[in-house]
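>>> The sequence and its predicted three-dimensional model are supplied below.
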2 protein chains.
Amino acid sequence: MTAHAQEPDELAYNVFAKACPSRCTLENVTGRWGGLTLGALSEGSLRFNELRRRVDGVSEKMLSQTLHALERDGLVHREAQPTNPPRVDYELTPLGREVAGRLLSLIECVEGAMDEVLASRERYDEARGAR
Amino acid sequence: MTAHAQEPDELAYNVFAKACPSRCTLENVTGRWGGLTLGALSEGSLRFNELRRRVDGVSEKMLSQTLHALERDGLVHREAQPTNPPRVDYELTPLGREVAGRLLSLIECVEGAMDEVLASRERYDEARGAR
DNA sequence: CTGTATCCGGAATGATACTG
DNA sequence: CAGTATCATTCCGGATACAG
């Protein structure tokens, strides 16, 4: 086996490389709030405070920050209506839907495997935590 | 299977809920190093330092920590051979392969969309950074 | 309602040294 | 080679106040 068989892809943007911008985008998507935000929006357009309630535990600051990052990357579209009081709707772009779909697939997989995960944890903790 | 499987309220382990253990596992999987580690291992079994080189930028400490978390959750199997010098191989469990597959789908999606993402960023920065 | 600005404590991370 | 231990630092994230 050759020593340079590590390539799963010959893409220009390789997340495994430290300085690659795709790593940054991946972190926006999979980060603590990014993933949950995309997941929430995959159900449909939501307003700021609706999102805040939907994503349990997120603060105004972090939600705002997350939304900006996702909007900047072209995954979320921000629709502001100049009414009073202001009304702002957030929705996924086509690209956002694509990404969110794959993310949800992952989330469902993890949720569905939790029984197994929890069992594994118990085994692990029993074997190591005993000391 | 219902067409709206992402409806979290139907599941016992709901990532959208703050205190749910699935959120914790999801963070191990999608966290800064967890995702890249799973991605690297999806190509096959790797040793500690091979992983370290593959996942560009990870420190010994973080890789060790990440591997422990993934092993605890039952996603990675650690195979230690009592030789000298020591040799330890890490590989995905069946569950790990399932999760890693979905994760790679997401990663490939993001990598493939980077041109679009970068273009969106330029537009965003031009419109906002100009101020 | 929809955010932004600021402060601050603690967790996450990295560098380094060290052990088996 | 395969880690662990320790320490310094960074930076994430929550609370709060405030603005449009």
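Okay, I see it.
>>> tell me how far the longest helix anywhere in chain A is from the chain's mean position?
Longest helix of chain A, by residue count under DSSP state H: helix A:94-112. Distance, stretch centre to chain centre, for helix A:94-112: 8 Å (C-alpha atoms, centre = their mean, to the nearest Å).
>>> contacting residues for A:Phe48?
A:Leu63, A:Leu67, A:Val88, A:Tyr90 (C-beta atoms under 8 Å, 6 or more residues apart in numbering or on different chains). Just so you know, the C-beta spots here come from the backbone N, C-alpha and C atoms, and that holds for glycine as well.
>>> JSON lines please, covering those and showing distance to B:Asn84.
Compiled in JSON lines, the contacts of A:Phe48 are given as follows (distance: C-beta to C-beta, whole Å):
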{"residue": "A:Leu63", "distance to B:Asn84": "53"}
{"residue": "A:Leu67", "distance to B:Asn84": "54"}
{"residue": "A:Val88", "distance to B:Asn84": "63"}
{"residue": "A:Tyr90", "distance to B:Asn84": "58"}
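>>> from those, which two are the most distant?
A:Leu63 and A:Val88 (11.8 Å; C-beta to C-beta).
>>> sorry, back to before: let's see if you can find the most crowded of the contacts of A:Phe48.
Most neighbours among these, by other C-beta atoms under 10 Å in any protein chain shown: A:Tyr90, with 23 neighbours.
>>> Shouldn't that residue be within a strand?
Yes: assessed with DSSP: H, G, I helix; E, B strand; the rest coil, A:Tyr90 lies in a strand.
>>> if I read this right, it contacts A:Arg54, doesn't it?
No: the pair A:Tyr90 / A:Arg54 is not scored as a contact, 11.0 Å apart, by C-beta atoms under 8 Å.
>>> so who does the nearest residue to A:Pro86 once chain neighbours are set aside touch?
Of all residues not flanking A:Pro86 in the chain, A:Ala80 sits nearest, at 6.9 Å (C-beta to C-beta, 6 or more residues apart in numbering or on different chains). Neighbouring residues of A:Ala80 by C-beta under 8 Å, 6+ apart: A:Pro86, A:Arg87, A:Val88.
>>> quick one on the thing from earlier: any shared contact partners between A:Tyr90 and A:Arg54?
Going by C-beta under 8 Å, 6+ apart, residues that sit against A:Tyr90 and also against A:Arg54 are A:Leu46.
>>> Can you give me the neighbour number for A:Gly101?
Residues near A:Gly101, counting by other C-beta under 10 Å: 17.
>>> now the helices: where do they sit in chain A?
Using DSSP H, helices in chain A cover A:21-30, A:34-41, A:48-54, A:60-72, A:94-112, A:114-129.
>>> avg pLDDT for the fourth one?
Same thing as helix A:60-72. Averaging pLDDT along helix A:60-72 yields 96.
>>> name the helices or strands packed onto it?
helix A:21-30, helix A:34-41, helix A:48-54, strand A:76-81, helix B:114-129 (3 or more C-beta pairs under 8 Å, 6 or more residues apart in numbering or on different chains; DSSP states H and E).
>>> Which strands and helices lie in contact with the second one?
Put plainly, it is helix A:34-41. helix A:21-30, helix A:48-54, helix A:60-72, strand A:76-81, strand A:87-92, helix A:94-112.
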